[in-house]
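**Student:** Got a sequence here, can you model it:
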Amino acid sequence: MAQTLQAFAAKSREILKAENNPAGRSKVAGLLQEALKDKDFVAAQFGDAAPERKILYEDPDLGFCVLAHNYTGPKESPPHDHGPSWAIYGQARGETAMSDWDLIEPASAEKPGKVKKRRDYKLTPGVAHVYNEGDLHSPSRSGPTRLIRIEGTNMEKVKRFKFEPAS
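**Tutor:** Have a look, this model is predicted:
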């Protein structure tokens, strides 16, 4: 039987209600990896005219969001964290080149933080990766990609600082 968004969100909620911590997020990432194997589930989250960012579900109590990201062409993001929150990136289609960064100098409202690249890796269809609070990363896409991403809170409402590679 095909996975539904409602069932996925309910199971994610159940996990996060019991363990709203890195261990629980790892379990949700595993659940997302299973959902990404379901072609019908993935197709149901993206229409032909899907926007770059669409909130599919926002939990009224825990605040986490499930989003569909539809990138139609290349896109690169600078190093960033998710402020006081966390995120799980689940690759549905295409490929995302991801870099993890180490903090060298903290960011502030007045100046960007400094970071040093630690490693590069790829997110491919079916792979989900957890980024906990403070984890610095930068995605790069060379072509069309689709992601299902879970945010600990709606990031549209969060002020974040900027980071840049140290010279």
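
**Student:** Can you tell me how far Lys37 is from Ala128?
**Tutor:** 11 Å (CB to CB, to the nearest Å). No exception for glycine: its C-beta is placed from N, CA and C like everyone else's.

**Student:** Of those two, which one has the most company?
**Tutor:** More neighbours surround Ala128 than the other of Lys37 and Ala128, with 25 against 11 (other CB atoms under 10 Å).

**Student:** In contact with the more buried one, which residues are there?
**Tutor:** 29-30, 32-33, 36, 88-91 (CB atoms under 8 Å, 6 or more residues apart in numbering).

**Student:** Give me the buried entries from these.
**Tutor:** Burial of the contacts of Ala128 was assessed by neighbour count (16 or more other CB atoms under 10 Å); the buried members are 29, 32-33, 36, 88-91.

**Student:** Do you have the helices of this protein handy? List them.
**Tutor:** 5-18, 22-36, 39-45 (DSSP state H).

**Student:** So which of those helices is nearest Met155?
**Tutor:** helix 22-36 (15.3 Å; CB to CB).

**Student:** I'd like to know which elements the closest one is packed against.
**Tutor:** If you count contacts as 3 or more CB pairs under 8 Å, 6 or more residues apart in numbering; DSSP states H and E, helix 22-36 packs onto helix 5-18, helix 39-45, strand 87-93, strand 128-131, strand 145-151.

**Student:** Any chance of these in CSV with mean pLDDT as columns?
**Tutor:** Compiled in CSV, the helices and strands packed on helix 22-36 are given as follows (pLDDT from 0 to 100):
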stretch, mean pLDDT
helix 5-18, 97
helix 39-45, 94
strand 87-93, 97
strand 128-131, 98
strand 145-151, 97
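
**Student:** Among the ones you listed, which comes closest to Pro60?
**Tutor:** helix 5-18 (9.8 Å).

**Student:** Please point out which parts of the closest one sit buried.
**Tutor:** 5, 8-9, 11-13, 15-16.
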